[in-house]
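Chemist: structural data only, the sequence is not supplied:
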Ligand SMILES: [Zn+2]
């Protein structure tokens, strides 16, 4: 059993779990979302992830510049 992060909501879950409908890439909640909607959510999640890491980087730069 391994720990995975859902590509849509980012939650971490164990995979595979007997009787769980979760897949390699999606948790048991997101796996129930229709494919075409899930694809859009997945794209948005990736965009958000990029923005988050960019913000983190800017924050760190700002903090070190002040210090
Ligand atoms: Zn999920």
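Modeler: Looks like it arrived, so ask away. Predicted model, so just to flag it, every value in this text is computed and none were measured.

Chemist: can you name the residues of this structure that neighbour the ion?
Modeler: 6, 8, 9, 27, 30 (C-beta under 5 Å from the ion). Any C-beta I mention is one placed from the backbone N, CA and C, and that applies to glycine too.

Chemist: residue 36 should be in a strand, yeah?
Modeler: No - when DSSP: H, G, I helix; E, B strand; the rest coil is applied, residue 36 is found to be helix, with no strand at that position.

Chemist: from residue 43, how far off is it?
Modeler: For residue 36, the distance to residue 43 equals 11 Å [C-beta to C-beta, to the nearest Å].

Chemist: can you give me the strands for the chain?
Modeler: Using DSSP state E, the strands found in the chain span residues 2-5, 12-15.

Chemist: okay, the closest residue to residue 1 other than its chain neighbours: pLDDT?
Modeler: Residue nearest to residue 1 in three dimensions, not counting chain neighbours: residue 14, with 5.1 Å by C-beta to C-beta, 6 or more residues apart in numbering. On the pLDDT scale, residue 14 is placed at 96.
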